[in-house]
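Kindly return the folded structure for what I paste below:
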Amino acid sequence: MAEQSRFHGGEKAPNNGVYIEKGETGSNVEEPQQVELNAGDKFPETENQDRVWVNKRDLSRPGVDDRSGH
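Sure thing, here's the model as predicted:
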């Protein structure tokens, strides 16, 4: 089973890392929030309901925008 790659406010971070806001459809966000979380920390709410959190390191990996995890 693949690890979930998109997260919503209130969910727990699976790994330590820097997470950044991304549009739910994979679109870039102008001036996105960025947070550093440890595994088990809860994600803060995004600036609007149409955004999700993704691990910043995953942005350079091909296909991250195609995985919904839900």
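
Do a quick rundown of the strands in this structure.
Here the chain has its strands, by DSSP state E, at 17-23, 34-37, 51-55.

out of those strands, deepest packed?
Mean neighbour count (mean count of other Cβ atoms under 10 Å) peaks for strand 51-55 among the strands of the chain, with a mean of 23. In short, each C-beta sits where N, CA and C put it, glycine included.

what does that strand contact?
5-9, 15, 17-24, 29, 32, 35, 43, 46, 64 (Cβ atoms under 8 Å, 6 or more residues apart in numbering).

Apply 6 Å and report the result again.
Strand 51-55 has contacts (Cβ atoms under 6 Å, 6 or more residues apart in numbering) with Arg6, Phe7, Gly17, Tyr19, Glu21, Lys22, Glu24, Phe43.

Kindly report the same for stretch 12-21.
With contact meaning Cβ under 6 Å, 6+ apart, stretch 12-21 is reached by 29, 32-42, 46, 51, 53, 55-56.

Please repeat the previous calculation with a cut-off of 10 Å.
Residues from elsewhere that reach stretch 12-21 (Cβ atoms under 10 Å, 6 or more residues apart in numbering): 3-5, 7, 28-29, 31-44, 46-48, 51-59.

that older thread, can you name the two of the contacts of strand 51-55 that are farthest apart?
Pairwise distances across the contacts of strand 51-55 peak at 19.7 Å for Gly17 and Glu24 (criterion: Cβ to Cβ).
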